[in-house]
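A.B. asks: Give me a 3D structure for the following:
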Amino acid sequence: MRKTLYIVTMVLGMFGFSSCSDYLDKESDTELDLKMVFEDKTRTEGWLANVYSGIPDPYLGYLRYEGWEILGDDMTPSERYRQFDWKVIPFILGEWTTNSSWDGNFWANFPQRIREANIFIQNVHALNEQGITPTEVEYMKAECRFMKAYYYALLANTYGGIPFAPDEITPSNFNLSDLMIGQAPYDQVIDWCDKELQAASKILPAKYTEARKYGRATSVMCLAVRARMLLYAASPLVNGNTDYANYKNDKGENIISQTYDASKWRKAADACKELITVAEAAGYKLYEVKMSDGKIDPFMSYQDMMFKRFDEGNTEILFARPGGCDYSEYEKLATPLRSSGNGGLGVTQSLVDAFSMENGLPITDPASNYKEEGFSDADEQRDNTDWASICNGGSITRKGTYNMYCHREPRFYICVNFNNGYFNQEDRVYNMFRGNGTETDNNGTHDAPQNGYFAKKKICYKDNVKQGSYQYRPGILYRLGEAYLNYAEALNECDPGNEEILTYLNKIRERAGVRQYTTGNTDDNYIHVNLNNQSEMRNLIHAERRVELNCEGLRYDDLRRWKEAEKVLTGPFYGMNAYGRDAASFYKRTVYQTRVYKKAFYWFPIHQSEIDKNTKLKQAPYWN
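C.D. replies: The predicted structure follows:
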């Protein structure tokens, strides 16, 4: 009997990505004899491409399907999008049960990819006459090991306890009882992923020179996934969290460790530093755009970092999905209806408030000069950027702009579209006042800003939704800027007072064009901090992550792992008054949504249908 694999339809009871490159564009056939696959280069590469196909889309995927952006407190889509089957929107309102469906559905999707990786590892071999050399085979196998660890890390991070049989290949004639296994302790999964990622990193190159291989796993990708994974594993949610004392598997083992282990922070710090060292040695660095005088342009640097390709000099990218990213639909959601967009994607007031002032101080600091009343009496210009003339109609803000939005740090203007801000696509300013659809960007429907703001980060100023013109860009999943902040955080937890905490925080702030931190005196270039005060530094690091990494799919996991989600994601969410028809009524902090976040929500529930099928599974804590 021939050994036949049902690649698409085979779903493991234990639980379309396409690339711009020729290599990862290949698709595997639906039903093939194994020999037919692995004796043919095209089909072999197609099979491997399918292993990669579970990588999430950090544009529309993170927003609508996985929902990381909605679950956090950076972005806010129209609540009425739920009528179009945005499944995550009810979750933030507390309407989340063990019978809720989720489009991300890692529980079903990732085991399929893991199984395909195992089959590939067992069957791939050199095809010298077709151009697959023994060295290429070694790389391909290491890629599959990387992808398995990546998927397992995402599964553990999402569900907590997961069934874990990393090298199993379920035969086509399996018995259902063979699949009924319980969950492994979280740390067991993480330890296995750690070893696999390290092993794969020792085989794979740090980067590829051939354009057709862009997107394939590298040693730097392995180390990036490992560093973030270990940072999460050291964090309060899973490091000695006694809230989960009764969360045990079918063998009676604690799924989440009940003993705090300080060495996990040291391990995370070491992993982050190894990533930085290896990446920088291979030529990776923060993306910077320089002015004619050689100084960093903070506006253009932060903006173009999200759009430029690796081969255009954006070597900040450590791991990206090179194709299959739906940035066109993403941009439509943040484009006004009267400009051919869908116009319902904004950012929260809490994100607006998170950005510092131009002088680098938070708006809560009396010395920051923040104002929340009145309007500017002149256009604002700055001499440290070309962004205003290239992207923003000649000024940073215009005369008559609400003072809340004036004299803020550069990253603010790259991430937030506010009333009277410039709309490059149509060479005009935004009008967020309530009115009819021909005169305003807020017609009061679901296709309008719900709280007075449009999202802006990752929205390319060169694109034109009305004309259907979009600039290609990779979907960045990991970048060096995050690695610096990960290292600073882990180091502060295991070695408070270490000077490298400031070194790596300041690398981020220097590129962002805000005053750096110092243990010396505050002056025009530096802000004094107490490096030896671990709590103070923790707050500064968390605040820097909120701003630097906003709208990149990381905020929700940060709030979860710090055990802050119950506090931050419950209660009233504010914006401007979207019902206001003039300045007097619009510029008021107004509750536009009340969210509910329960203790159970820290982990995605296993769907009740899976629990019913496999009696060895234990539901995530507090869901029952």
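A.B. asks: I am assuming Leu361 contacts Ile527, so please confirm or correct that.
C.D. replies: Yes. Taking C-beta atoms under 8 Å as the contact criterion, Leu361 and Ile527 are neighbours in contact, 7.0 Å apart. (C-beta placed from N, C-alpha, C; glycine too.)
A.B. asks: where does this structure dip in pLDDT?
C.D. replies: In the predicted model of the chain, residues 1-32, 170-172, 174 satisfy pLDDT under 70.
A.B. asks: Tell me which residues of the longest helix along it come out buried.
C.D. replies: With secondary structure taken from DSSP state H, the chain has its longest helix at helix 134-159. Under the neighbour-count criterion of 16 or more other C-beta atoms under 10 Å, helix 134-159 has 136-137, 139-159 buried.
A.B. asks: Report all helices and strands that the very next helix or strand once past it contacts.
C.D. replies: Tracing the chain C-terminally past helix 134-159 and defining elements by DSSP states H and E, one meets strand 162-163 next. Here strand 162-163 touches helix 134-159, strand 183-184, going by 3 or more C-beta pairs under 8 Å, 6 or more residues apart in numbering; DSSP states H and E.
A.B. asks: Summarise which helices and strands the first one is packed against.
C.D. replies: So that's helix 134-159. helix 41-52, helix 106-123, strand 162-163, helix 186-201, helix 219-234.
A.B. asks: if we can go back for a sec, pull the distance from the longest helix of the chain to the chain's centre.
C.D. replies: Once both centres are worked out by C-alpha atoms, centre = their mean, to the nearest Å, helix 134-159 turns out to sit 19 Å from its chain's centre.
A.B. asks: quick one, it and helix 41-52 angle?
C.D. replies: Counting by axes from the mean of the first three to the mean of the last three C-alpha atoms, to 10 degrees, helix 134-159 points 20 degrees away from the direction of helix 41-52.
A.B. asks: which residues in the stretch 401-550 of the chain form helices?
C.D. replies: Taking DSSP state H, counting those that start in this stretch to define them, one finds helices in the stretch 401-550 of the chain at 410-415, 480-494, 500-512, 534-548.
A.B. asks: got the ones you listed as CSV, with distance to Ala49 columns?
C.D. replies: Conversion of these to CSV gives the following (distance: least, C-beta to C-beta, whole Å):
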stretch, distance to Ala49
helix 410-415, 34
helix 480-494, 26
helix 500-512, 35
helix 534-548, 32
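A.B. asks: Any idea which of those helices gets closest to Gly46?
C.D. replies: helix 480-494 (31.7 Å; C-beta to C-beta).
A.B. asks: I'd assumed Val465 was in contact with Ser340.
C.D. replies: Yes. The pair formed by Ser340 and Val465 meets the contact definition of C-beta under 8 Å, at 5.1 Å.
A.B. asks: Of these two, which one has the most company?
C.D. replies: Set side by side, Ser340 and Val465 show more neighbours around Val465, with 20 against 15, by other C-beta atoms under 10 Å.
A.B. asks: For that one, list the residues it contacts.
C.D. replies: Counting by C-beta atoms under 8 Å, 6 or more residues apart in numbering, Val465 makes contact with Ser328, Glu331, Lys332, Thr335, Ser339, Ser340, Gly341, Gln425.
A.B. asks: List phi and psi for it.
C.D. replies: Dihedral pair for Val465: phi -60, psi -40, per degrees, to the nearest 10.
A.B. asks: cool, Glu69 as well?
C.D. replies: Dihedral angles phi and psi of Glu69 (degrees, to the nearest 10) take the values phi -70, psi -40.
A.B. asks: And the residue nearest the centre of this protein?
C.D. replies: In the chain, the residue lying closest to the centroid (C-alpha atoms, centre = their mean) is Gly553, at 2.6 Å.
A.B. asks: Isn't Glu39 up against Glu129?
C.D. replies: No. No contact is recorded between Glu39 and Glu129 when judged using C-beta under 8 Å, the distance being 10.8 Å.
A.B. asks: And those two? Which one has more around it.
C.D. replies: For the pair Glu39 and Glu129, the greater number of neighbours falls to Glu39 (14 against 7), based on other C-beta under 10 Å.
A.B. asks: how far away is the more buried one from Ala126?
C.D. replies: Shown here: Glu39 relative to Ala126, a distance of 11 Å by C-beta to C-beta, to the nearest Å.
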